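J.: Quick one, structure for this:
(one chain, ligands or ions: 2)
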Amino acid sequence: MDIQYVFVNEDIKQKLIEDRRDFHQHPELGWMELRTTKKIAERLRELGYEVYLGEEVCDPAFCMGVPEGVTSITGVIGILQGEKSGKKTAIRFDMDALPIQEVQTDINTSYCSKNAGVMHACGHDGHMAVGLGLAEILSQNREYLDGEIRLIFQPAEEGCKGSKSIVAKGWFDDLDEFYSGHIGIGCRELGQIGACMQGFLASTKLNIYFHGKAAHAANAPQEGRNALLAAADFTVKAYDFYRSCSEDVRFNVGRLVSGSGRNIIADEAYLEVETRGTTSESNLYMKEQISKIAETVAGNYGVTYELKTVGDVFTGKSDRSLVDCGYRIACDMGLGEKFLSDATFNASEDVVTMMNRVQEHGGKAAYFMFGTELYAEHHNPYFDYDEEVLSVMTEFYAKLLVKNTN
Ligand SMILES: [Zn+2]
Ligand SMILES: [Zn+2]
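T.: Numbering: from 1, shown residues only. Ligands and ions are numbered 1, 2, ... in the order given. So this is what the prediction gives:
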């Protein structure tokens, strides 16, 4: 396949791979992207960007699902002023990794994760490398940029926890155009570019706690209140409801922790749960039903319960005019035939909160998926991709921004 590159030369290509592998070796979980933040901020400053950090980027009151004990705020925004005054455009790159132990293979020997139990298994390492490659290209082409460009490096995308706090700071209120995208989702062939018109699932992430009472399991079990049993019964009942639900929804209990020992009635249980829906209404319906089940079960077992929302996102869509622009760029790159103008995401993306805000304020937004062969699926310990996709993504974004402005 012959992909036409104008902005991505050998030097940029090399840096994309180096940066991706560096991020990959040093993955950090949501709200803990300290090394990542530092590296990006340093690079952007070197390239002449105005750099914003921490509370300038995220409003702490809206940071969701911050792990206990974490007090620092991560995230970077780099701003470059084009030489002509004009519009305001932003691109979003996500920074966080996942709680997965990466498996070393023949392919990733030189860049396998150095942080035990943490892995870039969603491609955000590549997204950030693209952000830095793009930053360099834009800084070399300032005279062709019309107006302000904001490169937004977002913490805590996984679990839809970070977006709201950046939106709350007003970074999306005055944008004319807003772009973002993802490696490998929906497109499995290098050179494919899919414009994601719909299929962003609304989603709510819940932490559920059952509080019971400990007791001797043989001597006086009747004195206890069994939180483990409540959590197990909740899980079964919630899945029963989900399977019989006529709405187009999703549901998952991904984690259940309970109890302290064999001969003790478990006094605490903790569950990580998510609901999703093809509409914001169906997601809300699912969330309400799940809450009712938790309440009923808690009553049945004489325990109390608590429900905390730690992530939240609605459905969204791309603007056709920006997608059309994306198609013309794909054609320029020799990829017109591989362009999917009506692709479906079929998952949730924290960026939708940003897209919605831009559109509510009269701006336009679009989301693109960049094809690559995958060695394993997203969120899998063997996840990896063809690094050529980094060049495709960088060239595409560079053309959007520089071409947009002539
Ligand atoms: Zn992910
Ligand atoms: Zn992702």
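
J.: Against Gly334, how distant is Asn9?
T.: According to CB to CB, to the nearest Å, Asn9 stands 17 Å off from Gly334. Just so you know, the C-beta spots here come from the backbone N, C-alpha and C atoms, and that holds for glycine as well.

J.: More neighbours: which of these two?
T.: Set Asn9 next to Gly334 and count neighbours by other CB atoms under 10 Å: Gly334 wins out with 14 against 11.

J.: in a helix, that's where the more buried one is, yeah?
T.: No: Gly334: not assigned to a helix; according to DSSP: H, G, I helix; E, B strand; the rest coil it is coil.

J.: Cross-check the contact I'm expecting between it and Ile3.
T.: Yes: contact criterion CB atoms under 8 Å: Gly334 and Ile3 qualify, at 5.8 Å.

J.: List the residues that contact Ser321.
T.: Counting by CB atoms under 8 Å, 6 or more residues apart in numbering, Ser321 makes contact with Lys364.

J.: What about it? Give its phi and psi, please.
T.: Backbone torsions of Ser321, given as degrees, to the nearest 10, read phi -60, psi -40.

J.: quick one: it and Leu206, what's the gap?
T.: Using CB to CB, we find Ser321 at a distance of 37 Å from Leu206.

J.: For the nearest residue to Leu390 once chain neighbours are set aside, the count of nearby residues, please.
T.: The shortest distance from Leu390 to any non-neighbouring residue, by CB to CB, 6 or more residues apart in numbering, is to Leu16 (4.2 Å). If you count neighbours by other CB under 10 Å, Leu16 ends up with 25.

J.: Could you do Ala129 as well?
T.: 25.

J.: Helix, strand, or coil at it?
T.: What three-state DSSP gives for Ala129 is helix.

J.: Doesn't Tyr270 lie inside a strand?
T.: Yes: judged by three-state DSSP, Tyr270 forms part of a strand.

J.: what are the ranges of the strands in the chain?
T.: Along the chain, counting by DSSP state E, strands occupy 50-53, 76-81, 84-94, 146-154, 177-183, 193-200, 202-211, 249-258, 268-277, 304-313, 339-347, 364-370, 374-376, 384-385.

J.: Reformat the ones you listed into CSV and put mean pLDDT and distance to Ala231 next to each item.
T.: Putting the strands of the chain into CSV (pLDDT from 0 to 100; distance: least, CB to CB, whole Å) gives the following:
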stretch, mean pLDDT, distance to Ala231
strand 50-53, 98, 40
strand 76-81, 97, 39
strand 84-94, 92, 31
strand 146-154, 95, 32
strand 177-183, 97, 33
strand 193-200, 91, 30
strand 202-211, 97, 5
strand 249-258, 97, 6
strand 268-277, 97, 4
strand 304-313, 95, 9
strand 339-347, 90, 26
strand 364-370, 97, 36
strand 374-376, 95, 31
strand 384-385, 98, 35
